[in-house]
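Participant: what's the 3D shape of this:
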Amino acid sequence: MALDRVARDGLVLLGCGKMGTALLSGWLAAGLPAASVWVIEPNPTDWLKSTGVHLNQGVPAAPAVALLAVKPQMMGAALPALQALGNGKTLFVSIAAGTTIATFEAALGATTPIVRTMPNTPAMVGRGITALCGNPRVSPADMALARELMAAVGQVVELDREELIDAVTAVSGSGPAYVFHLIEAMAAAGEAEGLPADVAMQLARATVCGAGELAYQSPETAAQLRINVTSPGGTTAAALGVLMDPETGFPPLLKRAIKAAADRGRELGK
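Facilitator: Numbering: from 1, shown residues only. Predicted structure coming up:
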């Protein structure tokens, strides 16, 4: 397993907020020894202190991986702690949105192997999905290691070019917020039809969560699952007539929303 390399040479985790915690928890659950992990985190939680990792004790000379899990706006201040590991064999993996591979190469050195990833917040419950891409210095073994590290919190897809990261950000990185807003909107609509607010919210949350789980487990396409629920001339068909309207329904609305998110990602990356 690729994690054997990490267990032997060590891993540095720069930042251990929500996403860093989810990743570290997944790695430890997968059998990575706590003694193989060095964490740099100025505000450690009680859980982090209890894990047995090396906490704020510097970094090893040549770790297998340095995973960058600080917020993009903090990256400039945090990176100098790891600059000595650049231009070597240490694989750098970033989960920072909007920070390009070129930015990391400028800070760490042009010969540094760098993998840029875009995970999403369902990683915190082990149901995330992460897209990743690497620079030319990333070997197949490096990419396999990055995939295994990110698979600890969900599914992984590999991109053949970095510019697709902005589209990934718009669909899956920002996507959970769209789903949460759908729950809000469904509950508000149910309340408008006379349901008590708490009942409407419970119905909306359970429906979205249940439908998501069905989509996850079923071998059928999303389109077929939709058809399965829709009786001709019934209540679902009436609602879908509104939601699937080619001018005012979900398809054009989501297309505009995802384009707005992708465009903003491109702006942030400049």
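Participant: so what's the nearest residue to Asp166 once chain neighbours are set aside up against?
Facilitator: Excluding its sequence neighbours, the residue lying closest to Asp166 (Cβ to Cβ, 6 or more residues apart in numbering) is Gly265, at 3.8 Å. Quick note: C-beta positions are derived from backbone N, CA and C, even for glycine. Applying Cβ atoms under 8 Å, 6 or more residues apart in numbering to Gly265 gives the contacts Ala97, Gly98, Ile165, Asp166, Thr169, Ala170.
Participant: Name the SS class of the first one, please.
Facilitator: The three-state assignment at Ala97 reads coil, by DSSP: H, G, I helix; E, B strand; the rest coil.
Participant: Wait, it touches Thr169, no?
Facilitator: Yes: using Cβ atoms under 8 Å, Ala97 is in contact with Thr169, at 6.2 Å.
Participant: Who has more neighbours out of those two?
Facilitator: Comparing Ala97 with Thr169 by neighbour count (other Cβ atoms under 10 Å), the higher total belongs to Thr169, at 24 against 19.
Participant: sorry, back to before: mind telling me what element the residue nearest to Asp166 is part of?
Facilitator: In this structure, Gly265 sits in helix 250-268 according to DSSP states H and E.
Participant: In space, what's closest to the residue nearest the centre of the chain - neighbours in sequence excluded?
Facilitator: For the chain, the residue nearest the mean C-alpha position is Pro119 (1.4 Å; Cα atoms, centre = their mean). What sits nearest to Pro119 in space, not counting adjacent residues and going by Cβ to Cβ, 6+ apart, is Thr130, at 4.1 Å.
Participant: that older thread, Gln155 versus the residue nearest to Asp166, what's the distance?
Facilitator: 21 Å (Cβ to Cβ, to the nearest Å).
Participant: try Ser50
Facilitator: 29 Å.
Participant: So for the two, which sits in the more crowded spot?
Facilitator: Remark: of Ser50 and Gln155, Gln155 carries more neighbours, 15 against 10, as counted by other Cβ under 10 Å.
Participant: and Ala144, how many neighbours?
Facilitator: Neighbourhood size, Ala144 [other Cβ under 10 Å]: 13.
Participant: How about it: what's its closest non-neighbour residue?
Facilitator: Nearest one to Ala144, counting by Cβ to Cβ, 6+ apart, is Ala2 at 4.9 Å.
Participant: Quick one: low-confidence residue ranges for this protein.
Facilitator: Within the chain, the ranges that satisfy pLDDT under 70 run 1.
Participant: Quick one: residues in contact with the longest helix along it.
Facilitator: If you go by DSSP state H, the chain has its longest helix at helix 197-217. Applying Cβ under 8 Å, 6+ apart, the external contacts of helix 197-217 come out as 127, 179, 182-184, 186-191, 195, 222, 225.
Participant: 7 Å instead?
Facilitator: For helix 197-217, the surrounding residues in contact (Cβ atoms under 7 Å, 6 or more residues apart in numbering) are Val179, Leu182, Ile183, Met186, Ala187, Gly190, Glu191, Ala222, Leu225.
Participant: After that helix, which helix or strand is next? Please name it.
Facilitator: Going down the chain from helix 197-217, the next helix or strand is helix 222-229, by DSSP H and E.
Participant: Understood, closing this out.
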